[in-house]
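**Student:** Requesting a structural model of the entry that follows:
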Amino acid sequence: MLIAGFPAGAWGTNCYVVAPAAGEECVIIDPGHEATQGVEDTLAKHRLKPVAVILTHGHIDHVASVVPVCGAHDVPAWIHPRDRYMLDDPEKALGRSIGAQLLGELTIGEPDDVRELSDGSTLELAGLELTVAHAPGHTKGSVAFRLPETAEIPSVFFSGDLLFAGSVGRTDLPGGDMDELFASLARVCLPLDDSTVVLSGHGPQTTIGRERASNPYLAELARGLGDAGRTATPRRGM
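**Tutor:** Numbers count the residues shown, from 1 in each chain. You can find the predicted model right below:
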C-alpha cells in the first residue's frame, strides 16, 4: 500500500494520494487550496495514474483544487449530496466572506463529472476498497473513508474534519451541529479497532486507540458520558 500525504495551502489541509503500490492507479483525497502542484509532484514521483478524486466534505480548504485536478486527468469527483452545493458556492457554506483576493486564486465550480457518495457503500477504485461512512456534524455531508486491514497493514481511516489528533471538527459554521458530531464519533469512530490508523484533514496522524485514551472528546464518549467538551471550541478545521 502506498499512501502519500502533504499539507497544502492557507489552511494546511492534508491531501492524500492512495494506491496499491507505486506505478499503479490511485485515488486523490481532498485536493484543497494550492494542492495542485503537490498532487502532480506526488503522481510523478510514484508514477501513479489517478482514477478519481474523493472528498470528505465540501469546505473550500478541502475542494479548492478539485476542478483543475479532475480536469487535468479527466477523472470524476465523488462527494456526499448534502455537501455538493459547496462546490459552486463556498462562501454560502462558510457563512462569511473568505476574501476577494483569495477567491481570485480559486477555481470555483463543479468538475465535469461529479458522483455522489452514500453511507455504507464501498468504492472499488484503483484496486482499493474504500468503505464510506456518512459522518455529519462538521458539515451535513461529511464522510469518512476506511481501508480494510490486511496482513501487511492495519486498517486506515481517512477522517476528514471529523476526528483529529487530540481534537474534533468545529461545528460553528453553517451545517455544523455538535450533537450530530458526537453521534458520528460514537457511531463511526468508537467501533474501530485501536490499531486503526487515523489520517485526518489537518494535523498529524494518530490511531483510534490513542484518541480513545487521550482525546478529551472521544475519551468521554468511550466512557459513556457523551457530552465531553460540548461547551468547548474544537481547535481544527475550517
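**Student:** Buried residues in stretch 9-20, which are they?
**Tutor:** Within stretch 9-20, the residues scored as buried using 16 or more other Cβ atoms under 10 Å are 9-11, 13-19. For every residue, glycine as well, the C-beta is placed using N, CA and C.
**Student:** Leaving out the residues flanking it, which one is nearest to the spatially most central residue of the chain?
**Tutor:** Centroid check for the chain by Cα atoms, centre = their mean gives G160 as the closest residue, at 2.8 Å. Leaving aside its sequence neighbours, G160 sits nearest to T56 (Cβ to Cβ, 6 or more residues apart in numbering; 2.7 Å).
**Student:** That neighbour reaches G141, doesn't it?
**Tutor:** No: at 9.4 Å, T56 and G141 do not qualify as touching, with contact defined as Cβ atoms under 8 Å.
**Student:** Between these two, which has more neighbouring residues?
**Tutor:** The residue with more neighbours, out of T56 and G141, is T56; 32 against 23, by other Cβ atoms under 10 Å.
**Student:** is it true that the more buried one lies in a strand?
**Tutor:** No: according to DSSP: H, G, I helix; E, B strand; the rest coil, the state of T56 is coil, so it is not within a strand.
**Student:** how close does it sit to I28?
**Tutor:** According to Cβ to Cβ, to the nearest Å, T56 stands 12 Å off from I28.
**Student:** Strands of this protein, start to end?
**Tutor:** Along the chain, the stretches classed as strands by DSSP state E are 2-8, 13-19, 25-29, 49-54, 77-79, 114-116, 122-125, 128-134, 143-147, 156-160, 163-164, 167-168, 197-200, 206-207.
**Student:** Of all those strands, which one is nearest G38?
**Tutor:** Nearest to G38 among the strands of the chain is strand 2-8 (4.8 Å), distances taken as Cβ to Cβ.
**Student:** is it true that H80 touches E116?
**Tutor:** Yes: assessed by Cβ under 8 Å, H80 is found in contact with E116 at 6.8 Å.
**Student:** Which one of these two is surrounded by more residues?
**Tutor:** Neighbours per residue, other Cβ under 10 Å: of H80 and E116, the larger number sits with H80, 23 against 13.
**Student:** for this structure, longest helix please?
**Tutor:** helix 36-46 (DSSP state H).
**Student:** Next one, pLDDT for the closest residue to G166 other than its chain neighbours please.
**Tutor:** Of all residues not flanking G166 in the chain, N215 sits nearest, at 5.7 Å (Cβ to Cβ, 6+ apart). As predicted, N215 sits at a pLDDT of 95.
**Student:** which residues touch N215?
**Tutor:** 163, 165-168 (Cβ atoms under 8 Å, 6 or more residues apart in numbering).
**Student:** What is the end-to-end distance of stretch 40-54?
**Tutor:** Distance between the boundary residues of stretch 40-54 (Cα to Cα, to the nearest Å) amounts to 16 Å.
**Student:** Could you give the average pLDDT over it?
**Tutor:** Stretch 40-54 comes out with an average pLDDT of 98.
**Student:** Please apply the same query to stretch 110-125.
**Tutor:** Mean pLDDT, computed over stretch 110-125, is 97.
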